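**Q** Got a sequence here, can you model it:
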Amino acid sequence: MKLKTIIPLLLILSGIVALGIGGFQLAETKIKGNKSLEEARNLIEPKANAAAKEIPRDETGLLKPGFGDVVGILDIPAIESELAIVEGTDPNDLKKGVGHYKGSYYPGENGQIVLSGHRDTVFRRLGELEIGDSLHVKMPHGDFAYEITRTKIVDADDTSIITLQREEEELIVTTCYPFSFVGNAPDRYIIYAKPKKEN
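**A** Residues are numbered from 1 along each chain as shown. Below you'll find the predicted structure:
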């Protein structure tokens, strides 16, 4: 075979392999995400499942689940998305759903709640959200509604948004940015939300 024939064939084969790997990763995330979402629904509505387990708490009463444990659901009505929330933000945790940043607080604990997810899987449509849209966090101890107050784009290395403050309840949702970027994105897209005022 001539080199002119081999190079295009290798390029085509490389493209097929890359598409196959990407497709497998998307399918794996979808399958694990659906399983985690079902587990989260059982956790939130234990009456429906007598085998549902309770999330452990520390000596002060704060929730302290283990890494990879399903802890709740993030419901985003504006984009018709319901996602499992999993403790931790390492790659295996994020395959199961939205990751809760270890050390940040949970709804009802009057602190900073940090949730993260991949822009090319669970948060594909996050850029469609607008100021004033609602985010709902469903936990075994209650449903919590938040309103988006602002968004921000920061450098990927900027960790200043995670303060772990405990002065007021604040939900922060993070993902990589730009949304259409292929590979490791250089920035992070941040959504800030405050608890909705009851009427």
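**Q** which residues are in contact with the longest strand anywhere in the chain?
**A** Ranked by number of residues, the top strand in the chain under DSSP state E is strand 142-155. If you take Cβ atoms under 8 Å, 6 or more residues apart in numbering as the criterion, strand 142-155 is touched by 107-108, 129-138, 160-161, 171, 177, 186-196. C-betas here are computed from N, CA, C, even on glycine.
**Q** For it, list every residue counted as buried.
**A** Across strand 142-155, burial judged by 16 or more other Cβ atoms under 10 Å covers F144, A145, Y146, E147, I148, T151.
**Q** Name the nearest of the residues you listed relative to V70.
**A** Using Cβ to Cβ, F144 comes nearest to V70 of the buried residues of strand 142-155, at 16.8 Å.
**Q** Can you tell me who the closest one pairs with across the strands?
**A** Using DSSP bridges, the beta-bridge partners of F144 come out as V137.
**Q** quick one: it from S14, how far?
**A** Separation of F144 from S14 (Cβ to Cβ, to the nearest Å): 47 Å.
**Q** How about K35: what's its closest non-neighbour residue?
**A** Distances taken as Cβ to Cβ, 6 or more residues apart in numbering put K96 closest to K35, at 7.6 Å, once the chain neighbours are dropped.
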